[in-house]
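Colleague: Kindly generate the corresponding structure for this input.
(4 chains)
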Number of protein chains: 4
Amino acid sequence: MKRIAVFTSGGDAPGMNACIRAVVRGAVYHGLEVFGIRRGYNGMINGDIFQMTSHSVSNIVQRGGTILKSARSKEFMTPEGRQKAYGQLQKFGIEGLVAIGGNGTFTGATLFFDEFGIPTVGAPGTIDNDLYGTDYTIGFDTAVNTALEAIDKIRDTADSHDRIFLIEVMGRDSGYIAIQSGIAGGAELVMVPEVLTPISEVVNILQQGFTRSKSSSILVVAEGEEEGSAKEVAEKISKMMVGQDLDMRVTTLGHIQRGGIPTAYDRILASRLGLGALEGLMNGEKNVMAGVINNELVYTPFRDTIRLPKPINEDLLRMVKILSV
Amino acid sequence: MKRIAVFTSGGDAPGMNACIRAVVRGAVYHGLEVFGIRRGYNGMINGDIFQMTSHSVSNIVQRGGTILKSARSKEFMTPEGRQKAYGQLQKFGIEGLVAIGGNGTFTGATLFFDEFGIPTVGAPGTIDNDLYGTDYTIGFDTAVNTALEAIDKIRDTADSHDRIFLIEVMGRDSGYIAIQSGIAGGAELVMVPEVLTPISEVVNILQQGFTRSKSSSILVVAEGEEEGSAKEVAEKISKMMVGQDLDMRVTTLGHIQRGGIPTAYDRILASRLGLGALEGLMNGEKNVMAGVINNELVYTPFRDTIRLPKPINEDLLRMVKILSV
Amino acid sequence: MKRIAVFTSGGDAPGMNACIRAVVRGAVYHGLEVFGIRRGYNGMINGDIFQMTSHSVSNIVQRGGTILKSARSKEFMTPEGRQKAYGQLQKFGIEGLVAIGGNGTFTGATLFFDEFGIPTVGAPGTIDNDLYGTDYTIGFDTAVNTALEAIDKIRDTADSHDRIFLIEVMGRDSGYIAIQSGIAGGAELVMVPEVLTPISEVVNILQQGFTRSKSSSILVVAEGEEEGSAKEVAEKISKMMVGQDLDMRVTTLGHIQRGGIPTAYDRILASRLGLGALEGLMNGEKNVMAGVINNELVYTPFRDTIRLPKPINEDLLRMVKILSV
Amino acid sequence: MKRIAVFTSGGDAPGMNACIRAVVRGAVYHGLEVFGIRRGYNGMINGDIFQMTSHSVSNIVQRGGTILKSARSKEFMTPEGRQKAYGQLQKFGIEGLVAIGGNGTFTGATLFFDEFGIPTVGAPGTIDNDLYGTDYTIGFDTAVNTALEAIDKIRDTADSHDRIFLIEVMGRDSGYIAIQSGIAGGAELVMVPEVLTPISEVVNILQQGFTRSKSSSILVVAEGEEEGSAKEVAEKISKMMVGQDLDMRVTTLGHIQRGGIPTAYDRILASRLGLGALEGLMNGEKNVMAGVINNELVYTPFRDTIRLPKPINEDLLRMVKILSV
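Modeller: Predicted structure coming up:
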């Protein structure tokens, strides 16, 4: 293999730039030529491809977002789109790919390999930490710390006014951000998609708080929570506690969780995974995602990252309960 | 005057603790006895009053929120409520008050003086910077920097995906947070309550951006904007640009703007105003708010802070236009 | 066991408060009485001991330092000191201890158990991450991120002036902070106590940088580096590169690395370890340290944490080399 | 005037990029052609000059350092150097300059105008806030907040160990950073070059602290302090308090104060001053520095900014004394 390319795809995540840098610098170190593809599969189809050098990735390790930009591509989901993409890669002589993204990205790569034989090794880039095959994904630690800073700020105002706050964090199918930011933020309760929390239990916890004269309470709600969004949960609570003097507010953190300067953890993880994906590709790996499990680099087939669910750590949910006593 | 008390009232703001500290330490320095009242006028009515010393305010200069807690009091709006409050102050022998808050607080203090002769000097504590009689209010600089950090994070993801973002910041009657965070954040447009921005102009600016191939745009919208909330503005834009391929998102920053570690500016301003309010009270001032205008300490009658509007700096709005070229 | 006590000892580390909170809340949850001891073994000797409740640890999860204060105790190293300490614990009816600290603390606890039979379970609180028996120690992740923020800031000015910066970070016997902050900060070289880096190699790397027209370079030096402090390393470099136009500066980060708001990682780790230490003590563990290895809670005898070295991850050192290409 | 150029010179300061952006965008808005000069006067001499557009300054408002790089130029201090620089400007057809820097920069610009008639308008870019003609300089607010964050972190560890810390901040001739970060950080004492603080007074304050059982003390020392560096001050204190059990540490913050993401205040000030300098130049100003005094844009002749001292606000020094009671 002489020429490879790297791209980012799907939702952006802090640390993607550190990952790109590791792929590029690793390629230079090992004597490969390396190209960047802009806007994921769309750029592959349109030939938005350019050669990268060590200098191309100077001074980006600390930047949020992705210098290669990202997009979701409908066209690549069609055989015609993939045919065009293959034509472009041929033109540039690119023999292998490093894809930084999630399961949507890996599904596309699998189809592409089956049709055209171009191998891809993936690196897990998503703030949600919902990918099987790695303990943590690139961007997760930063997103948790961003959510945590917001919780810390909101606790200041919650305490000053003796209020209950419901804070909605990202995680459509996964409660990881909610649990970690909730424990770290000293939340009284964390509601996640993986575990059913009936509203009656929420009301119980709030009542107990009143009894112990807690002056304020923080509830962290993952956006994919079964009982609904934080706003809907708040409305259900209000209905069940009608007649009581509740001062309750709802805040949805939203897109700030996607951006920001990556933490040390995310930069190091992204660097390991970028280098690991590149070296895997050089060693003949294909259709696999590089991950770090128990501090070891491992490769997991795309079919497993796509198929297998990532279980939540129930010990952490137990901790929320004990620590909010 | 031998005994004074300090309290915080209305919405909390970062820097209130630094202000409390300056009042307490200043009182100790000048040989006065100083009391704290919890939860604003409610605590005055209920006698939630305690003596403070130098140690009471150790290690709080850097904390958000207010250690004296804050509340809005309906009871103090009644003659009976004020009568009770007066009784409590009599019990503790308190002869003068420093009130950290906004116009609601100052209105109460004016009534209270007219009825019972207890003088109050105010310090402007509100993130909105909507008080006449001071260049800046306590908490404003921190709120602007909090909004700015959020804008910086969102720009990462906006750039990565070539998106338009509408970001709603606090400021029901005032565009100060919107303008300052918008200029500092490099926003393409800022919409404030003080100036009418027709949706057609917004659409124009977005169109021009497309023409100059700007890949992403940030619009900052104050919550009191005449065209509606950021969500409503986004809907109006969508209607006028129907048929165009708009990737537009809305984020409401919400309560994170009220909390957080106060900036250096806010801690210094709060310290000056706390000390200034205290020394004003000692020198016979009453029914006035301490403010800093052109770096000088000034006292403005409550009737003016309540009555007079605070004009927005139109030069700054002009700057937004030029800088987003 | 009915009554236990918790204390912090040795150098303070961010996350110690989260750990104290977990011990206290865990004890309350399990129906134990829990006491706090101030200033480590000194407070134990002097009887600076007080009962703690759930409320004692409200609103501290986000604070740096330790509310129980810390100290190194010479007196506890004497049999007389330990005898006094035992007397105090008897007086309060304390049957077991949770000690948050490092090997000095654990050595004292072992002696104390041998003499008086009071069992201790430890939690590893030190920013240096130099303890065998856990992947990470409480405070390490925060210290790395603090060092990283400093490196990011220095890179701004290094780039603007085309300068070489030597940045000295903490770690007397351990290069963990240096390696992690160095990789995350995009350093050109990291010098650690565990691996010999001859000055000639440093000079080589700087020369190669010039050849590739790198305009600035960052070298991260652990304080325990064999070639000396960052200042001494800089002097040695200057001597070997005499005649070349070197613009080189040295910065020692110092005590800022010990303080600060703990990261999410540190708060969660501290909570797990605090709860783990408490529950270990309740289950009859003694003379062991709670740690997290491969995401599992484990107990390691003090004699091993004291005796066994913690190896550095050489893969990470290899990464520095590749990524600075 | 049709063509102008902008450059940064002297020590870099956070906000310089926001200032460059305002000059460039302002020029585009007003229909001028605008060039960037790299590395200050050195780049002018060497012809390191390139045309800039709106896009050249996209996404830099939030970056520390300066994209135009900075340097001190010995060659420009010679007539030959300036002759070469003039030749280069002629070649590019540049008729006026915006210089972002300090008094060294402005001295050069004055000589250059006298010899070659090329007008310069300056913008004050230096963290030290030591320039007459403006209330604040670009970078000062960020530097104060950086120093403050460090003080906050150090207070955590000072409190945990009951220690005295001497913290040295930047400011060779000016105590502005020391005073502002000291007040905001709740320091017990601030030592600045402008005011003599005998060591005996420092010792007095520490003794008083002991008497009032203050458990820790923070002293902020400006690097230009007459009694010497923080290290020397600490040695003098130790000598005078010999025999007492002092646990005293010294930390020098160093270059971290030059870098970092600019605060909202600095970005807005930098934008105003950049635009003000440009528009001044267009309106025929020359040999003047744009400044903001009492929130108004003003132009001050270079000869005054160079000659006149900037007085320190003694009210703030008085505040330190009162607030540390």
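
Colleague: going forward, measure contacts between C-alpha atoms and count neighbours the same way
Modeller: OK.

Colleague: quick one: contacts for the nearest residue to A:Met241 once chain neighbours are set aside?
Modeller: On the basis of CA to CA, 6 or more residues apart in numbering or on different chains, the spatially nearest residue to A:Met241 that is not a chain neighbour turns out to be A:Val203, at 7.4 Å. With CA atoms under 8 Å, 6 or more residues apart in numbering or on different chains as the criterion, the residues that contact A:Val203 are A:237, A:240-241.

Colleague: and A:Glu232, how many neighbours does it have?
Modeller: 12 (other CA atoms under 10 Å in any protein chain shown).

Colleague: swap in the one 5 residues further on?
Modeller: Using other CA under 10 Å as the criterion, A:Ile237 is surrounded by 18 other residues.

Colleague: ok, it touching A:Ile199?
Modeller: Yes. Taking CA atoms under 8 Å as the definition, A:Ile237 is a contact partner of A:Ile199 at 6.7 Å.

Colleague: can you pull the contacts of the residue of the stretch 201-325 of chain A found nearest chain C?
Modeller: Scanning the stretch 201-325 of chain A for the residue nearest chain C gives A:Asn294, at 4.6 Å (criterion: CA to the nearest CA). Taking CA under 8 Å, 6+ apart, we find A:Asn294 in contact with A:135, C:294-295.

Colleague: so what pLDDT did it get?
Modeller: What the model reports as pLDDT for A:Asn294 is 94.

Colleague: Give me the phi and psi for it.
Modeller: Taking degrees, to the nearest 10, you get phi 50, psi 40 for the backbone angles of A:Asn294.

Colleague: SS state for the residue nearest the centre of chain A?
Modeller: When chain A is reduced to its mean C-alpha position, the closest residue under CA atoms, centre = their mean turns out to be A:Ile127, at 1.8 Å. Reducing the assignment at A:Ile127 to three states with DSSP: H, G, I helix; E, B strand; the rest coil gives coil.

Colleague: Just to check, it is in contact with A:Ala143?
Modeller: Yes. Taking CA under 8 Å as the definition, A:Ile127 is a contact partner of A:Ala143 at 6.1 Å.

Colleague: Need the overlap of contacts for those two.
Modeller: Overlap of the contact sets of A:Ile127 and A:Ala143 (by CA under 8 Å, 6+ apart) consists of A:14, A:258.

Colleague: show me the contacts for A:Ala222.
Modeller: A:Ala222 makes contact with A:168-172, A:174-175, A:177-178, A:190-193, A:229-230, according to CA under 8 Å, 6+ apart.

Colleague: check those residues against chain B, which are close?
Modeller: The residues of the contacts of A:Ala222 that also fall near chain B, by CA under 8 Å from any CA of the partner chain, amount to none at all.

Colleague: Of those residues, which belong to strands?
Modeller: A:168-169, A:190-191 (DSSP state E).

Colleague: Show me the helices in the stretch 101-250 of chain A, by range?
Modeller: Using DSSP state H, counting those that start in this stretch, the helices assigned to the stretch 101-250 of chain A run over residues A:103-116, A:140-161, A:176-184, A:199-211, A:230-240.

Colleague: winner for burial among these?
Modeller: Among these, judged by mean count of other CA atoms under 10 Å in any protein chain shown, the one packed with the most neighbours on average is helix A:176-184 (a mean of 28).

Colleague: hey, C-alpha coordinates of that helix in CSV?
Modeller: What follows is helix A:176-184 as a C-alpha-only set of coordinates in CSV (Å, rounded to 0.1, in the frame of the first residue of the first chain):
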residue,chain,number,x,y,z
TYR,A,176,-23.4,7.4,28.8
ILE,A,177,-23.2,11.2,28.7
ALA,A,178,-26.1,11.5,31.2
ILE,A,179,-24.7,9.0,33.7
GLN,A,180,-21.1,10.3,33.7
SER,A,181,-22.0,14.0,33.8
GLY,A,182,-24.7,13.2,36.4
ILE,A,183,-22.4,11.4,38.8
ALA,A,184,-19.7,14.0,38.3
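
Colleague: got the contact list for stretch A:233-250?
Modeller: With contacts defined as CA under 8 Å, 6+ apart, stretch A:233-250 is touched by A:162-168, A:199-200, A:202-203, A:227, A:230-231.

Colleague: Need the worst-confidence member of the residues you listed.
Modeller: Of all the contacts of stretch A:233-250, the one the model is least sure of by pLDDT is A:Glu227, with 87.

Colleague: Enumerate the beta-bridge partners assigned to the nearest residue to A:Ala109 once chain neighbours are set aside.
Modeller: Using CA to CA, 6+ apart and skipping residues adjacent in sequence, the residue nearest A:Ala109 is A:Thr120, 6.3 Å away. On the basis of DSSP bridges, A:Thr120 is bridged to A:Leu97.

Colleague: Can you report how many residues lie near A:Thr120?
Modeller: For A:Thr120, the neighbour count with other CA under 10 Å is 30.

Colleague: To which secondary structure element is A:Ala290 assigned?
Modeller: strand A:288-293 (DSSP states H and E).

Colleague: A:Ile322 is nearest to which of the helices of the stretch 101-250 of chain A?
Modeller: With CA to CA, the closest approach to A:Ile322 among the helices of the stretch 101-250 of chain A belongs to helix A:176-184: 10.3 Å.

Colleague: Pull the contacting residues for the closest residue to chain D within the stretch 101-250 of chain A.
Modeller: Ranking the residues of the stretch 101-250 of chain A by distance to chain D (CA to the nearest CA) places A:Glu149 first, at 15.3 Å. The contact partners of A:Glu149, taken as CA under 8 Å, 6+ apart, number zero.

Colleague: Try it again at 10 Å.
Modeller: A:143, A:155, A:181, A:184-185, B:256, B:260, C:62, C:261, C:263-264 (CA atoms under 10 Å, 6 or more residues apart in numbering or on different chains).
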